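Engineer: model this:
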Amino acid sequence: MTARIQTDELTFRKKSFSSVWDDPYSKDVALPDHTAGARTFIFHPYQRKKQENISVSRTPRARLEEAISLSAALDLDVIQAVTIGIPNIRPATYLGRGKVEELADFISENEIELVVADCELSPGQQRNLEKDLGCKVIDRTGLILEIFGERAQTREGSLQVELAHLSYQKSRLVRSWTHLERQRGGFGFMGGPGETQIEADRRMIDERIGKIRRQLETVTKTRTLHRKSRKKVPFPVIALVGYTNAGKSTLFNRLTSADVMAEDLLFATLDPTMRQLELPNNKKAIFSDTVGFISDLPTHLVAAFRATLEEVVEADIIIHVRDISHPETDEQRNDVMSVLKSLGVEDGEDRTIIELWNKIDLVPAEEREVLENKAARGENVVLVSAVTGEGCSGFLQMLSDYLSRDESIYHFSFRPDQGADIAQLYENGEVLFREDHEDHTLITAKLSAKIVGILEKQGIHFTGTG
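Structural biologist: Predicted structure coming up:
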């Protein structure tokens, strides 16, 4: 095993959510109770042959450090964290028999309560490892589900987490139920076997999943109505996306003066937040802060949070916030783009994706010069520091210039009783010229086609364009 990774500087938060740890399907395994600060052992397994053949990929060490950061978000007492090279995946326990025995001795000697496997375990592998190691075992998906459960603040977020959790647990209904006899069903002397306990549990989970999905359909309809209402207001929607802990919420707070939770912590933000943003040249936009992505994001979560991620799908502009100081920033970018592609979101004529390279203040001077040159050559790329505010004004100007691309100059003539319409023109466009007369007011303004369409529906007509 590799040397122990120091975790003294990690900041743990109090755990307040109970889900995948409290597993009712492990009745054949005597597992200890789990509380906040559980003594935890983390391992990241990797196949040596595959690692040698992959030219560009995350290193096992980097994946392990990410697993430690995920565990830090749950107030876990990480006793040991190691990478384990394996020749092949063993169907029964994922790891080889000798390695499992070695871990079992370590876990027993150090009174480990929880083992986090930074991989995707099958239900059978998870159950067998718990039997052999004598403690609770959760995989990467279970760990992320636990974090999401703690972060969910709104009713919608809680429903989405529960849906993902139930979908995950449904596949885990392979626990040992041999101690339960079949119930008898039917009538008379020839009654056949009734449903087993596992079938009853699966039916109850299916019923609960159906109920949650119906509730989320209501949420989806509500969001659709909100989007239709926003379309009536001439403000574009700008969505922030990016890898978890890239600094989206810090940037969101700086630009909108909001108070969204922003910590140096994976998945600090879960529920989406929207605020109005003032841009240069008298322009306004609606900013949306969304949940962060991560490598190997469980499909259960992508499916459960589709209602929330629809805000990204419907956005006029997508800001991809990247932690440019991270050693694996390119790999993180690929992970985010992969999730966006799965949602049907790609850079094209109907939508622009702007890359915002954040945390420039953490980059050494010699590397910074290289990044500045690279950003200058790229299209839709800007360097900022959400913490210091460096580059933020230039970023806002960039957004304003982009939103001005489809604008044209329009000439209006207003009667004296149309003061409210004139005020609306000032609010939604850039007034270039104004001339007041006794019986009318002439105004020349720069407006987008979307705003002109809205003004026309309100009975405001222009006399010409230029």
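Engineer: how about the strands in the stretch 51-200 of the chain?
Structural biologist: Per DSSP state E, counting those that start in this stretch, the stretch 51-200 of the chain carries strands over the ranges 77-86, 114-117, 136-139.
Engineer: between those, which gets nearest to residue 411?
Structural biologist: With C-beta to C-beta, the closest approach to residue 411 among the strands of the stretch 51-200 of the chain belongs to strand 136-139: 64.5 Å. Bear in mind the C-beta positions are built from the backbone N, C-alpha and C, glycine included.
Engineer: give me the beta-bridge partners of the residue nearest to residue 274 when sequence neighbours are not counted?
Structural biologist: Counting by C-beta to C-beta, 6 or more residues apart in numbering, the nearest residue to residue 274 once its immediate chain neighbours are dropped is residue 288, at 4.9 Å. When bridges are called by DSSP bridges, residue 288 pairs up with residue 239, residue 274.
Engineer: In stretch 371-388, which residues are buried?
Structural biologist: For stretch 371-388, the neighbour count (16 or more other C-beta atoms under 10 Å) marks 371, 375, 380-387 as buried.
Engineer: gap between it and the chain center?
Structural biologist: Remark: stretch 371-388 is offset 23 Å from the chain centroid, using C-alpha atoms, centre = their mean, to the nearest Å.
Engineer: Give the rounded mean pLDDT of that stretch.
Structural biologist: Across stretch 371-388, pLDDT averages out at 89.
Engineer: Show me what that stretch is in contact with.
Structural biologist: Contacts with stretch 371-388, where a contact means C-beta atoms under 8 Å, 6 or more residues apart in numbering, come from 247, 250-251, 254, 324, 352-361, 363, 390-392, 394-395, 398.
Engineer: for it, how far is the first residue from the last?
Structural biologist: Terminal residues of stretch 371-388 are spaced 18 Å apart (C-alpha to C-alpha, to the nearest Å).
Engineer: can you tell me which of the contacts of stretch 371-388 are in helices?
Structural biologist: Within the contacts of stretch 371-388, residues falling in helices by DSSP state H are 250-251, 254, 392, 394-395, 398.
Engineer: okay but residue 96 is in contact with residue 84, surely?
Structural biologist: No - with contact defined as C-beta atoms under 8 Å, residue 96 does not reach residue 84; the gap is 9.3 Å.
Engineer: of the two, who's got more company?
Structural biologist: Neighbours per residue, other C-beta atoms under 10 Å: of residue 96 and residue 84, the larger number sits with residue 84, 21 against 15.
Engineer: ok, now how distant is the more buried one from residue 328?
Structural biologist: According to C-beta to C-beta, to the nearest Å, residue 84 and residue 328 sit 20 Å apart.
Engineer: cool, residue 96 as well?
Structural biologist: Residue 96 is 28 Å from residue 328, by C-beta to C-beta.
Engineer: swap in residue 254?
Structural biologist: 25 Å.
Engineer: before we move on, what about residue 369?
Structural biologist: Counting by C-beta to C-beta - residue 369 and residue 328 are separated by 21 Å.
Engineer: more crowded one of the two?
Structural biologist: Using other C-beta under 10 Å as the criterion, residue 369 and residue 328 rank with residue 328 on top: 20 against 11.
Engineer: That one against residue 63, yeah?
Structural biologist: No - look at residue 328 against residue 63 with C-beta under 8 Å: they stay out of range, at 9.4 Å.
Engineer: Out of the strands of the stretch 51-200 of the chain, flag the one nearest residue 101.
Structural biologist: Here strand 77-86 is closest among these (C-beta to C-beta), at 13.2 Å.
Engineer: what residues are up against residue 129?
Structural biologist: 93-95, 100, 115, 117, 121, 137.
Engineer: List just the nearest of those to residue 205.
Structural biologist: Within the contacts of residue 129, the smallest distance to residue 205 is 19.4 Å, found for residue 121 (C-beta to C-beta).
Engineer: show me the contacts for the nearest residue to that closest one once chain neighbours are set aside.
Structural biologist: Once flanking residues are discounted, residue 121 sits nearest to residue 139: 4.1 Å by C-beta to C-beta, 6+ apart. Residues near residue 139 by C-beta under 8 Å, 6+ apart: 116-121, 126.
Engineer: Go again with 7 Å.
Structural biologist: Taking C-beta atoms under 7 Å, 6 or more residues apart in numbering, we find residue 139 in contact with 117, 119-121, 126.
Engineer: Take those and write them to TSV, including neighbour count.
Structural biologist: Below are the contacts of residue 139 laid out as TSV (neighbours: other C-beta atoms under 10 Å):
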residue	neighbour count
117	24
119	20
120	14
121	21
126	25
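Engineer: Restricted to helices, list these.
Structural biologist: residue 126.
Engineer: In CSV, list the contacts of residue 139 along with distance to residue 435 and pLDDT.
Structural biologist: As requested, these are arranged in CSV below (distance: C-beta to C-beta, whole Å; pLDDT from 0 to 100):
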residue, distance to residue 435, pLDDT
117, 73, 94
119, 71, 92
120, 69, 90
121, 74, 91
126, 76, 90
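Engineer: can you put the contacts of residue 139 in CSV and add distance to residue 458?
Structural biologist: Formatted as CSV, the contacts of residue 139 follow (distance: C-beta to C-beta, whole Å):
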residue, distance to residue 458
117, 60
119, 58
120, 55
121, 59
126, 60
